[in-house]
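Participant: The following comprises the amino acid sequence and a computationally predicted model.
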Amino acid sequence: MTSILNDITKCGSIFICALLAACSGGSVDAGKPSGGVAKSEPPAAVAGEPVHALVTVPVNAAMPADFGERMAATRQAPGALGVTVLTAQPGPEPAGFQSLAIVEFQDESSLQQWMQTLADTGAKVRQADVLAHDAGDAATSSSGTSYFAVNHYGVLVSPSEYKTYTEKYIVPNMAHQRSTGALLAYTMYLERSPPDELPVAVLVKQYGSPEEQARGEAAKEIYKTDVLMKQPEWKQINDTKTTIRNDMTETFARVAN
């Protein structure tokens, strides 16, 4: 499914840059850093490649009465390529959203025009860049019955640094879960936040069922202990990841009917 993704001290920021260089050779209130947000320009859209947006209805917000209808109508919007709407399910921890729509358009101009039509909904609408993605053949056809785990992270480094972190730290874990067959697909999104907000990364993982999600998590922990923690590069990032991102929420979800 890609159809279906600050505040640190000056010393900490320099350390992360050095670490990652060494390794290579309306809205949900994410919290704002006291000393400003570490930002850089978001990556420019690549001509010819799809662009994405995440539309979030926060837990404490009133669900727009016509939200479902608007998301369904998006499929007919000029330039729209796909829409997946996830509805939060009960879980062991508080959910990070009521509803999360993942929207794909053929170009940035069409996406921006569509985003303007949601200004009155009270939802958080953010363009989002895909930092990593992998999906099996069955991911799209089985999305309607799949079980999703969605992790939100507050990002404490620049977009380019977070992309490097994703490629070196997240992808090996996700690749192993994919190899077990438990994980059908995953995508890491990085929202383009306003300058005064902590950027948010959203990791969307698709499983066949709650049981497969639990199996994938168990496989991840074993692989982490037996393999990844024995790799100096990966272990170094693992030991310092709290300077790269803050864990926010993990939300279990299914595709809305």
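Facilitator: Thanks, I have it. The shown structure was predicted, so the numbers you read here are calculated from the model rather than taken from an experiment.

Participant: ok, I237 touching I170?
Facilitator: No. Applying CB atoms under 8 Å, one finds I237 not in contact with I170, separated by 9.8 Å. C-betas here are computed from N, CA, C, even on glycine.

Participant: Select the longest helix from this protein.
Facilitator: Selection of the longest helix in the chain by residue count, based on DSSP state H, yields helix 210-226.

Participant: who touches that one?
Facilitator: Where contact means CB atoms under 8 Å, 6 or more residues apart in numbering, the residues beyond helix 210-226 that reach it are 147, 149, 173, 176-177, 180, 182-183, 205, 207, 238, 252.

Participant: filter those to the buried ones?
Facilitator: Taking 16 or more other CB atoms under 10 Å as the criterion, what is buried in the contacts of helix 210-226 is 147, 149, 173, 176-177, 182-183, 205, 207, 252.

Participant: Could you identify the most distant pair in these?
Facilitator: Across these, the longest distance by CB to CB is 20.8 Å; it joins H176 and F252.

Participant: Just after the worst-scoring helix or strand of the chain on mean pLDDT, pick out the following helix or strand.
Facilitator: Ranked by mean pLDDT, DSSP states H and E, the weakest helix or strand in the chain is helix 10-23, scoring a mean of 41. Next along the chain after helix 10-23, taking DSSP states H and E as the criterion, comes strand 51-57.

Participant: Any chance you could list what contacts the helix or strand just after that following strand?
Facilitator: The first helix or strand that comes after strand 51-57 along the chain, using DSSP H and E, is helix 67-74. Residues lying outside helix 67-74 but in contact with it, judged by CB under 8 Å, 6+ apart, are 55, 57, 64, 80, 83, 85, 99, 101, 103, 114, 117-118, 121, 123, 256.

Participant: ranking those by neighbours, who comes first?
Facilitator: V103 (28 neighbours; other CB atoms under 10 Å).

Participant: Beta-bridge partners for that one, please?
Facilitator: Beta-bridge partners for V103, by DSSP bridges, are A53, V83.

Participant: what sits against it?
Facilitator: Counted by CB under 8 Å, 6+ apart, V103 has contacts 52-55, 71, 74, 80, 82-83, 111, 114.

Participant: give me that answer again for 7 Å
Facilitator: 52-53, 55, 74, 83 (CB atoms under 7 Å, 6 or more residues apart in numbering).
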